[in-house]
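Asker: Any chance you could fold what I've pasted below:
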Amino acid sequence: MSVAHTAVTPQAGPCGDDDCGIREVLDRIGDKWSVLVLVELTKGVRRFRELERAVPGISQRMLTVTTRRLCRDGLVLRTVRPTVPPQTEYTLTAVGRSLAGAIADLADWSRAHKPAIEAARARWDAAHPQDTPAAAPSDPHPLPARR
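Answerer: Sure thing, here's the model as predicted:
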């Protein structure tokens, strides 16, 4: 007779409570557009239209939503210049720059480990053909190489 362990650990380590900051950060950078906007802003100050052109596929509405969220989280600073017509510029804050550094590290890690991940997927797919997901399209918005 075997005994199954079914007890639930009340706190799963340092992020077991509700106010763990990692969840909020992952919510922000885990969406489709935030990382792409942050990466573009690492290149310097950008106007709204420049961001729109630099992030292929993003709609004006989604760019507005994304930049507002990034501003609200203190990652991006929005400045409206008193010109006619008004010009809106976006730049990374110090907090945004530090997150951009972490994103660059993650991009470096993903490039370094891509062959191992692809090999593991191929082994899994060969051993579990019934569980193999449909072929995913290649990433249309890959992160640029880190300088």
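
Asker: So for the protein, the centremost residue is which one?
Answerer: In the chain, the residue lying closest to the centroid (C-alpha atoms, centre = their mean) is I29, at 3.2 Å.

Asker: count of neighbours near the closest residue to that one other than its chain neighbours?
Answerer: Of all residues not flanking I29 in the chain, V35 sits nearest, at 5.3 Å (C-beta to C-beta, 6 or more residues apart in numbering). C-beta: built from backbone N, CA, C; applies to glycine. The tally of other residues near V35 (other C-beta atoms under 10 Å) stands at 20.

Asker: next one: L75
Answerer: 25.

Asker: The nearest residue to it once chain neighbours are set aside: helix or strand, and which one exactly?
Answerer: Distances taken as C-beta to C-beta, 6+ apart place G96 nearest to L75, at 3.7 Å, with adjacent residues excluded. Element membership for G96, per DSSP states H and E: helix 94-127.

Asker: can you tell me the average pLDDT over that helix?
Answerer: The predicted model assigns helix 94-127 a mean pLDDT of 93.

Asker: So what's the gap between it and the chain middle?
Answerer: Relative to the centre of its chain, helix 94-127 is centred 12 Å away, using C-alpha atoms, centre = their mean, to the nearest Å.

Asker: mind exporting whichever strand or helix holds I22 as PDB, just the C-alpha atoms?
Answerer: Element membership for I22, per DSSP H and E: helix 21-29. Taking Å, rounded to 0.1, in the frame of the first residue of the first chain, the C-alpha atoms of helix 21-29 are listed here in PDB:
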ATOM      1  CA  GLY A  21       6.100  41.600  -6.500                       C
ATOM      2  CA  ILE A  22       7.200  39.000  -9.100                       C
ATOM      3  CA  ARG A  23       3.500  38.400 -10.100                       C
ATOM      4  CA  GLU A  24       3.000  42.000 -10.900                       C
ATOM      5  CA  VAL A  25       6.200  42.200 -12.900                       C
ATOM      6  CA  LEU A  26       5.400  39.100 -14.900                       C
ATOM      7  CA  ASP A  27       1.900  40.500 -15.600                       C
ATOM      8  CA  ARG A  28       3.500  43.600 -17.000                       C
ATOM      9  CA  ILE A  29       6.300  42.000 -19.100                       C
END
